[in-house]
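Dropping a prediction and its sequence here:
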Amino acid sequence: MARSQCRSVLLVEDSEIDAHLTCNVLQECSTDIAVDRVSTAEEALTQVGKKPYDLIICDFCLPGMNGLSFLKLMKKVRSNVRVVLLTGYPSQELEAQVIRHGSCTYLSKAVDAVTLMKIIIEALGLQDPAVSTRS
């Protein structure tokens, strides 16, 4: 695999359990993923200002600024980064607001690991191990 390149992911999650589960999914996707984790949107904005990320996975309900407010501010700094916004309280209204901000995937935290893996693999441009036999 000559094309192996480390991808950087910023995980913005205040729940230790959810952060651990998401990190496990990321490691299942590829061993070439470096994860930085913060627990607030404010910390995430600082990180985004310092380092370009390939993907940001962000919880909606955070202490202080919520995920949608973070998304709006982050897009001013790094307009091309892909974002997966996770919420434990999905609604059509929130989904519509998130979609307006482009290059963002909106998911319920009830999403299964396989679906989350597929979304991460696609967002990072990784080859899905299940389809690695392509010619």
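Sure thing, it's come through. This structure is a prediction, so every number in the text was calculated from the model and none was measured. Residues are numbered from 1 along each chain as shown.

Report the helix or strand with the lowest average pLDDT across this structure.
helix 92-99 (a mean of 78; mean pLDDT, DSSP states H and E).

Which strands or helices does that one pack on?
Where contact means 3 or more CB pairs under 8 Å, 6 or more residues apart in numbering; DSSP states H and E, helix 92-99 is packed against helix 67-77, strand 104-108. C-beta here means a position set from N, CA and C on the backbone, and glycine is covered the same way.

Report the angle between it and strand 104-108.
150 degrees (axes from the mean of the first three to the mean of the last three CA atoms, to 10 degrees).

and helix 92-99, which residues are buried?
Using 16 or more other CB atoms under 10 Å as the test for burial, helix 92-99 gives 94, 98.

What is the distance between that helix and the centre of its chain?
17 Å (CA atoms, centre = their mean, to the nearest Å).

ditto for stretch 34-43
11 Å.

and if you look at stretch 90-109?
On CA atoms, centre = their mean, the centre of stretch 90-109 falls 13 Å from that of its chain.

Just put the helices and strands packed on helix 92-99 in CSV and tack on distance to residue 34 and mean pLDDT.
Below are the helices and strands packed on helix 92-99 laid out as CSV (distance: least, CB to CB, whole Å; pLDDT from 0 to 100):
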stretch, distance to residue 34, mean pLDDT
helix 67-77, 19, 89
strand 104-108, 20, 84
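
To residue 17, which of the ones you listed lies closest?
strand 104-108 (16.1 Å; CB to CB).

Tabulate the helices and strands packed on helix 92-99 (a markdown table), appending distance to residue 20 and mean neighbour count.
What follows is the helices and strands packed on helix 92-99, written out as a markdown table (distance: least, CB to CB, whole Å; neighbours: other CB atoms under 10 Å):
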| stretch | distance to residue 20 | mean neighbour count |
| --- | --- | --- |
| helix 67-77 | 19 | 18 |
| strand 104-108 | 18 | 18 |
